[in-house]
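Undergrad: Predicted model and sequence follow; I will ask about them next.
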Amino acid sequence: MTGPLENLDAVVNGLLGEVDTIASIEELDAREPALAGRRSPLAALQKSLGGLDPDARRDAGARLQAARARVEAAIGDCRRRLAAAERDRLLEADRLDLGDVVTSTVPDTLRAGHPGLVARTQAELEDVFVAMGFRVAEGPEVESDWYNFEALNIPPAHPARGMWDTFYVDLGEPETVVLRTHTSPTQVHLMETAVRDGSLPIHSVMPGRCYRRDTPDARHLAAFHQVEGLVVDRGITFADLAGVIETFTRAYFGTDVETRLRPSYFPFTEPSAEFEITCQICHGTGCRTCSHTGWIELGGCGMLDPAVLEAVGIDPDEWSGFAFGFGIDRCAQMRHEIADMRALTENDARFLEQFS
Ligand code: PHE
């Protein structure tokens, strides 16, 4: 074939061969105009068609068009191949060898674990009470109804049972075994032992875990910790109780914390009170944590009800005493200004590490 397109196949093959040699996207961008654009031999051929008669020009135009499409398709393939190679190269450069990360970010001495904030707070509170002359005792977390309620002057169906939303354990007769709702049943164990051993008086604190069917919120957890206090001795008055509470709150929270006692009701103490400290989140001005009251309740207390002493065989005419029970988690929350108590159970390493 003669005419302007007689070398078309050779031109196209030459262009395809050139495309094959291109090694980077930048090179492709730079060379594209000379391969398929305005400076390409195909564009020059296009111009040379001007002198042909209309039929021949249409045929030649169609052949040129097909030739250009082949070159453009080759350029498209080339571009995709180069882009994929570039992606692989970047991925490879970004590859993380986790072995390297571990060995480079963990210090030479592997970090040791440490007691959680609640365990630490419990130990600190025990220290405060031991310094005041108390002994430390513990009791079981699973209790019979008798220890958790009846011996504490809360008979079955007594309305005061509503004060403690109780988890029952599926053991024995229905509703006879409970997860203790407070540490007060340990008072009863201690008094029974003291009566059996003839070892009155009692000056003891009893820390431990308790359970209530509460919906967790900023101040409550369904599994929480209390410290129970029990003094049974001769001639004990409410002033002794108030003095112990004042002394312990100052020793643990510092002297600028205010304590107040508010009249309350517990079936096992008479008179009864709740004790509160200034909210340490807002320092008394009112915030979400203290429901805008400026005060946070730490626990309940009161003089031992004679009915409780009698239930374990202690003569209320000879002996008197007081008891208190307050939240360890609450103390940790106030001492460390933790706005939401649920942080204590979330196991967020960033939280835990603040208390190592
Ligand atoms: N056991 C009570 C409670 O958890 C607190 C308390 C303990 C009250 C001792 C008086 C005496 O609600």
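TA: Done, it's in. Residues are numbered from 1 along each chain as shown.
Undergrad: Every contact and neighbour count from this point should use C-alpha atoms.
TA: OK.
Undergrad: Give me the distance between the top helix by length along the chain and the centre of its chain.
TA: In the chain, taking DSSP state H as the definition, the longest helix is helix 54-94. Helix 54-94 has its C-alpha centroid displaced from the chain centroid by 55 Å (Cα atoms, centre = their mean, to the nearest Å).
Undergrad: May I have the residues that are in contact with the residue of the stretch 101-250 of the chain found nearest the ligand?
TA: Taking Cα to the nearest ligand atom, the ligand has its nearest neighbour within the stretch 101-250 of the chain at H182, 4.6 Å off. Contacts of H182 were listed using Cα atoms under 8 Å, 6 or more residues apart in numbering, and they are 148, 210-211, 226, 325.
Undergrad: give me that answer again for 7 Å
TA: By Cα atoms under 7 Å, 6 or more residues apart in numbering, the residues touching H182 are C210.
Undergrad: Then the one 4 residues further on?
TA: By Cα under 7 Å, 6+ apart, T186 lies in contact with 138-139, 206.
Undergrad: repeat for F268
TA: Counting by Cα under 7 Å, 6+ apart, F268 touches 152-153, 304-305, 308.
Undergrad: Go again with 10 Å.
TA: By Cα atoms under 10 Å, 6 or more residues apart in numbering, the contact list for F268 reads 149-154, 184, 301-309, 323.
Undergrad: Return the set of residues that bridge with the closest residue to the ligand within the stretch 151-300 of the chain.
TA: Going by Cα to the nearest ligand atom, the ligand is nearest to G300 of the stretch 151-300 of the chain, at 3.8 Å. Bridge pairing for G300 (DSSP bridges) gives the partners E274, G325.
Undergrad: surely it meets E270?
TA: No: assessed by Cα atoms under 10 Å, G300 is found out of contact with E270, at 11.6 Å.
Undergrad: Those two: which is more packed in?
TA: The residue with more neighbours, out of G300 and E270 and counting by other Cα atoms under 10 Å, is G300; that gives 23 against 16.
Undergrad: Give the next helix or strand downstream of the helix or strand containing V118.
TA: V118 is part of helix 117-131, with elements assigned from DSSP states H and E. Next helix or strand after helix 117-131 toward the C-terminus (DSSP H and E): strand 135-136.
Undergrad: What are the contacting residues of that following strand?
TA: Under Cα under 10 Å, 6+ apart, the answer for strand 135-136 is 126-127, 129-130, 202-207, 227-230.
Undergrad: The helix or strand following that strand pairs with which strands?
TA: Next helix or strand after strand 135-136 toward the C-terminus (DSSP H and E): strand 142-144. In the sheet, strand 142-144 lines up against strand 177-179 (antiparallel) (DSSP bridges).
Undergrad: Need the residues that contact the strand it pairs with.
TA: Strand 177-179 is touched from outside by 140-149, 166-171, 209-212, 223, with contacts defined as Cα under 10 Å, 6+ apart.
Undergrad: tell me, what's touching G300 and E270 both at once?
TA: Common neighbours of G300 and E270 (Cα under 10 Å, 6+ apart) are S264.
Undergrad: Report pLDDT for the most centrally placed residue in the chain.
TA: With distances taken as Cα atoms, centre = their mean, the residue of the chain nearest its centroid is E346 (2.3 Å). Looking at E346, its pLDDT stands at 91.
Undergrad: Any chance of the backbone angles for it?
TA: phi -80, psi -10 (degrees, to the nearest 10).
Undergrad: Could you do D9 as well?
TA: D9 has phi and psi values of phi -60, psi -40 when expressed as degrees, to the nearest 10.
Undergrad: hang on, it packs against R70?
TA: No: in this structure, D9 is not within contact of R70 by Cα under 10 Å, at 11.0 Å.
Undergrad: Tell me which of the two has more neighbours.
TA: R70 (17 against 11).
Undergrad: pLDDT score for that one?
TA: For R70, the predicted pLDDT is 93.
Undergrad: what residues are up against it?
TA: 12-13, 15-16, 36, 64, 76.
Undergrad: Among those, name the buried ones.
TA: 12, 15-16, 36, 64 (16 or more other Cα atoms under 10 Å).
Undergrad: Just the CA atoms of the helix holding V118, as CSV, please.
TA: The C-alpha coordinates for helix 117-131 follow below in CSV (Å, rounded to 0.1, in the frame of the first residue of the first chain):
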residue,chain,number,x,y,z
LEU,A,117,-6.3,1.5,92.7
VAL,A,118,-9.0,-0.2,94.8
ALA,A,119,-6.6,-2.7,96.3
ARG,A,120,-4.2,0.1,97.0
THR,A,121,-6.9,2.2,98.6
GLN,A,122,-8.0,-0.7,100.8
ALA,A,123,-4.4,-1.2,102.0
GLU,A,124,-4.1,2.6,102.8
LEU,A,125,-7.4,2.6,104.7
GLU,A,126,-6.4,-0.5,106.7
ASP,A,127,-3.2,1.3,107.6
VAL,A,128,-5.2,4.3,108.9
PHE,A,129,-7.4,2.1,111.1
VAL,A,130,-4.5,0.0,112.3
ALA,A,131,-2.8,3.2,113.4
